[in-house]
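A.B. asks: Have a look; sequence and predicted model below, questions after that.
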Amino acid sequence: MLQQLQTFATPHDDTALHGLAAGEKPERADWTIDQGWHNYTPAEHAVWKTLFERQSKLLPGRACDEFVAGMKDLPIGPEQIPDFERLSEVLMKRTGWQVVAVPGLVPDEVFFEHLANRRFPAGHFIRKPHELDYLEEPDVFHDVFGHVPMLMNPAIADYIQAYGVGGLRAQKLGVLDKLARVYWYTVEFGLVKQADGLRIYGAGIASSFTETVFSLDDPSPNRIRFDLERVMRTNYRIDDFQESYFVIDNLDELLKLAEVDFAPLYQRIAGQRDYQPGTLLPTDTLLTRGTGSYHDAKRKQSFEARAVAHA
């Protein structure tokens with residue numbers, strides 16, 4: 001699954017890949033490494049501070065209450081990259097989770113095994129100063145700032161553990177792509193209703209300066225009531241903002257998903273066509289019908305660029 005959380009922009013020539021993406025071979029079978037917190041440089045802590053401070057200014061009124069509460073109760077601040085051991089001490093007492101350091105992307109089965117045992121694998125590296133709005137693979141800011149506050153919530157904690165168990169099963173059945181879409185449209189890019197409006201709970205949004213605004217404020221994307229089978233058949237964007245976001249009524253809804261027997265669903269949707277990210281269905285419950293203007297413009301630019309290249 002982690003392989004699918006990469007690439008939100010065109011890679012820079014000087015971008016160094018990590019973990020599985022770099023062809024690394026682990027010293028440990030579970031791919032864990034020592035975080036090496038004392039090895040972080042002042043420049044790396046400064047990047048964390050820049051990212052932390054600008055997201056912290058942007059998220060009030062946009063992040064869900066559970067994200068805000070989780071962040072408040074964790075030893076996370078702007079001055080330095082968090083120490084995974086200190087994070088784990090607090091998480092373990094609250095929801096039984098811990099954060100373990102990995103070099104970067106890890107194999108799917110390793111990822112699922114960690115989640116199934118309430119271990120969240122977090123990349124120990126941080127992006128470079130010129131890559132603040134660029135993420136080819138999950139770094140410590142995405143993994144810790146985006147994910148860990150939500151792991152303080154019991155519903156999310158149980159849901160992600162269930163996803164790990166389900167991922168191991170889906171991999172054996174050859175249907176991982178279907179389940180991966182559920183993770184993508186919830187844990188990474190999910191929106192939730194609150195009394196005061198739509199709010200972010202997905203880590204891919206919460207850790208992104210630009211998508212935080214796009215997901216809630218831009219008229220372009222669709223915002224659709226979450227439906228499990230529909231989501232399992234819907235492709236997603238790994239190279240840009242999402243064309244559609246799926247909205248749950250509350251986080252307890254995810255607990256119900258954790259209890260679902262996916263086997264009949266896999267059988268029912270087998271062989272059925274997938275939906276493109278921006279497709280709307282007559283059966284959709286729409287909260288916002290998007291204009292599609294952002295992605296239409298991007299597709300037009302791409303078409304014109306190809307036409308010039310072949311002229």
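C.D. replies: Here it is on my side, so go on.

A.B. asks: Show me the strands in this structure, by range?
C.D. replies: Using DSSP state E, the strands of the chain run over residues 98-102, 119-123, 191-194, 197-200, 222-225, 244-248, 286-288.

A.B. asks: Of the ones you listed, which is nearest Gly167?
C.D. replies: Across these, the minimum distance to Gly167, taken as Cβ to Cβ, is reached by strand 119-123, at 12.7 Å. Quick note: C-beta positions are derived from backbone N, CA and C, even for glycine.

A.B. asks: Kindly provide the whole-number mean pLDDT of that closest one.
C.D. replies: If you average the pLDDT over strand 119-123, you get 98.

A.B. asks: With stretch 259-278 instead?
C.D. replies: Averaged across stretch 259-278, pLDDT comes to 95.

A.B. asks: mind listing what Arg94 touches?
C.D. replies: Applying Cβ atoms under 8 Å, 6 or more residues apart in numbering to Arg94 gives the contacts Asp73, Met152.

A.B. asks: Can you check what pLDDT the model gives it?
C.D. replies: According to the prediction, Arg94 has pLDDT 98.

A.B. asks: re earlier: which one, of the strands of the chain, ends up nearest to His18?
C.D. replies: Nearest of those (Cβ to Cβ): strand 119-123, 6.5 Å.

A.B. asks: The helix or strand bottoming out on mean pLDDT in the chain - contacts with which helices or strands?
C.D. replies: Ranked by mean pLDDT, DSSP states H and E, the weakest helix or strand in the chain is helix 293-309, scoring a mean of 82. Helices and strands touching helix 293-309, as assessed by 3 or more Cβ pairs under 8 Å, 6 or more residues apart in numbering; DSSP states H and E, are absent.

A.B. asks: returning to what we had before: pipe the strands of the chain into JSON lines and attach mean neighbour count and distance to Phe214 per row.
C.D. replies: Below are those laid out as JSON lines (neighbours: other Cβ atoms under 10 Å; distance: least, Cβ to Cβ, whole Å):
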{"stretch": "strand 98-102", "mean neighbour count": "22", "distance to Phe214": "28"}
{"stretch": "strand 119-123", "mean neighbour count": "23", "distance to Phe214": "24"}
{"stretch": "strand 191-194", "mean neighbour count": "19", "distance to Phe214": "12"}
{"stretch": "strand 197-200", "mean neighbour count": "18", "distance to Phe214": "11"}
{"stretch": "strand 222-225", "mean neighbour count": "19", "distance to Phe214": "12"}
{"stretch": "strand 244-248", "mean neighbour count": "23", "distance to Phe214": "10"}
{"stretch": "strand 286-288", "mean neighbour count": "15", "distance to Phe214": "12"}
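
A.B. asks: Would you format those as CSV with distance to Ala16 included?
C.D. replies: Shown next, in CSV, are those (distance: least, Cβ to Cβ, whole Å):
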stretch, distance to Ala16
strand 98-102, 16
strand 119-123, 12
strand 191-194, 33
strand 197-200, 29
strand 222-225, 36
strand 244-248, 31
strand 286-288, 39
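
A.B. asks: And these: which comes nearest Gly174?
C.D. replies: Using Cβ to Cβ, the nearest of the strands of the chain to Gly174 is strand 119-123, at 23.4 Å.

A.B. asks: looking at the strands of the chain, which is closest to Val68?
C.D. replies: Set against Val68 and scored by Cβ to Cβ, the strands of the chain come closest in strand 197-200, at 9.3 Å.

A.B. asks: mean confidence for the closest one?
C.D. replies: Strand 197-200 carries an average pLDDT of 98.

A.B. asks: Give the other helices and strands that it contacts.
C.D. replies: By 3+ Cβ pairs under 8 Å, 6+ apart, strand 197-200 packs against helix 65-73, strand 191-194, helix 209-217.

A.B. asks: what residue ranges in the stretch 51-200 of the chain are flagged as low confidence?
C.D. replies: Along the stretch 51-200 of the chain, the model assigns pLDDT under 70 to no residue.
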